[in-house]
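1. Return a 3D structure for these sequence lines:
(chains A and B)
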Amino acid sequence: MRDDTVLTALRNGDLAALDSVYIEHREEFLAWITRTYGCTMEDAKDIYQVSTLLLYENAVSGKLVSFSGTLKTYLFAIGKNKAREWARQKQRFVQEQLMEPEAEGAVDDDKETLFRMVEHGLEQLGDPCRELLKLFYFQKKSVEEITAALKYKNRDTTKNLKYKCLNRLRKICKAT
Amino acid sequence: MSEPSDIALIERYIRGELSLEERGAVEQRMAEDADFRALLEDYEVLTKGIAYSGRKAVLERLQNLDENLEGTEATVRSIAPRKQKPVVWLAAAAVVALLFYAGFSLFNAGPDAGELYAAYYEPYPNLVYPITRSNTTAQDPAAKPYRAYEQKDYEAALAALNADTKSPEDTRLFYKGHTLLALNQPEEAIEAYDALLTLPNLEQFSDPARWYKALALLKLERVEEARSVLQSLENSAYSKESKELLEKL
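-> Alright, predicted model coming up:
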């Protein structure tokens, strides 16, 4: 598949496309990162997984519009940064990356507890709220895109539902 | 209940879309109105928590993909050992894995039940991690089985679940089933799911328990039994996957 076809698929949240990207570059990435940074295969996999996750997040949120080089050079550039962060964070690497992929400093433990509480709350909340909130706050889709994707009547319906869902999630989290 | 207009205001404040004047008004209100301040703090936690949860789901998918890749790699190598360059086999493994994930087969001969199990099985996430605002969960003995489960230390999780007297019976059996399945003991997993499914008022456990029971049956190649469990999931949270899987059986 061509890079821009892949990018479009990722932009649409196509996780199967992410799987193929993951498989395609896996071997070379792991060999490169273990050689360059002297980490174990397990650490290299963490770095690779976090890097492909960030590629996905940047594509799906629309932050990444096109590649200046190729998808591969982009992914490896992320990998280089993530390997440096890994060298600093070590044991906490994956957790930190899930919480604040763009943050420089360390994230505190309390936050992790709070985020897990939200994660748990989302499960209880169920769909369509869960899906709607993930589209807004993880995939960073616009009101228009979400209205179209979830086939709501209009922007106002989507916006009102978003507030309702956030309030329900807040209540659930408060109750736990 | 917070007002939508307040949430909208907070969103614009966080995104830096307010004028200097509006910003000043928000900050003034934060200083004076404790509810408003709490809403702003909660909004940040909720929205970042949602993103965290989204990331975690994708990361777990990749971890699972990676594990299945290695499984496939090992199988391919053990069927055809010697002489072939490893790189060829890794590529072959990648192709096989891609086919699994794309959900189609090159050949019309139906895929076998074990393969379908591998393609559809994903460890169920830990959702019972006791949630508190303190740091005491690490020491809380009731959290032990679920921490171990989440860390994929299934041996420890099983031992802790067997000794556990604190969790509700349905929760305990639910995760015992998942733990046994992860430990590659599908028969015992089915026993746990069956014990669970006889309990009253299951609500959120019923659909996933039946789905995982169907997968465990597939793993044992008890296809007819798996089929009937999958049929019972027609109007459930797993209706899409069940329908897909039924078509492939």
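2. dump the residue contacts of B:E60.
-> With contact set as C-beta atoms under 8 Å, 6 or more residues apart in numbering or on different chains, B:E60 has these partners: B:E122, B:P123, B:P125. Bear in mind the C-beta positions are built from the backbone N, C-alpha and C, glycine included.
3. Could you export those as JSON lines, including pLDDT and neighbour count?
-> Written out in JSON lines, the entries for the contacts of B:E60 read as follows (pLDDT from 0 to 100; neighbours: other C-beta atoms under 10 Å in any protein chain shown):
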{"residue": "B:E122", "pLDDT": "79", "neighbour count": "14"}
{"residue": "B:P123", "pLDDT": "78", "neighbour count": "18"}
{"residue": "B:P125", "pLDDT": "74", "neighbour count": "17"}
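4. so A:D19 makes contact with B:D66?
-> No. With contact taken as C-beta atoms under 8 Å, A:D19 and B:D66 are classed as non-touching, separated by 10.1 Å.
5. in chain B, what secondary structure element scores lowest on mean pLDDT?
-> Across the helices and strands of chain B, mean pLDDT, DSSP states H and E gives its lowest value to helix B:86-102, namely a mean of 54.
6. right, and the helix or strand after it?
-> Later in the chain than helix B:86-102, the nearest helix or strand by DSSP states H and E is helix B:113-120.
7. next helix or strand past that next one?
-> Trace forward from helix B:113-120 with DSSP H and E and the next one is helix B:144-150.
8. pLDDT weak spots in chain B?
-> Residue ranges of chain B with pLDDT under 70: B:1-2, B:71-111, B:127-140.
9. Quick check: the residue nearest to the spatial centre of chain A vs chain B, distance?
-> In chain A, the residue lying closest to the centroid (C-alpha atoms, centre = their mean) is A:E57, at 4.1 Å. A:E57 is 7 Å from chain B, where distance means C-beta to the nearest C-beta, to the nearest Å.
10. Give me the domain ranges for chain A.
-> Using automatic domain parsing, the domain ranges for chain A come out as A:3-99, A:109-175.
11. would you turn those into TSV with mean pLDDT?
-> TSV is the format used below for those (pLDDT from 0 to 100):
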stretch	mean pLDDT
domain A:3-99	91
domain A:109-175	91
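12. Which one of those domains lies nearest to B:Y117?
-> Counting by C-beta to C-beta, B:Y117 lies closest to domain A:3-99 out of these; the figure is 18.1 Å.
13. contacting residues around A:N12?
-> Residues in contact with A:N12 (C-beta under 8 Å, 6+ apart) are A:V60.
14. And for B:G54?
-> Contacts here follow C-beta under 8 Å, 6+ apart; on that basis B:G54 touches A:K134, A:Y137, A:F138, A:Q139.
15. One more: B:R172?
-> By C-beta under 8 Å, 6+ apart, the residues touching B:R172 are B:P145, B:L161, B:D164.
16. surely the second one meets B:R147?
-> No. Using C-beta under 8 Å, B:L161 is not in contact with B:R147, being 11.7 Å away.
17. does A:R26 sit in a helix, a strand or a coil?
-> Per DSSP: H, G, I helix; E, B strand; the rest coil, the local secondary structure of A:R26 is helix.
18. same deal with B:S53?
-> In the three-state summary, B:S53 is assigned as helix, counting by three-state DSSP.
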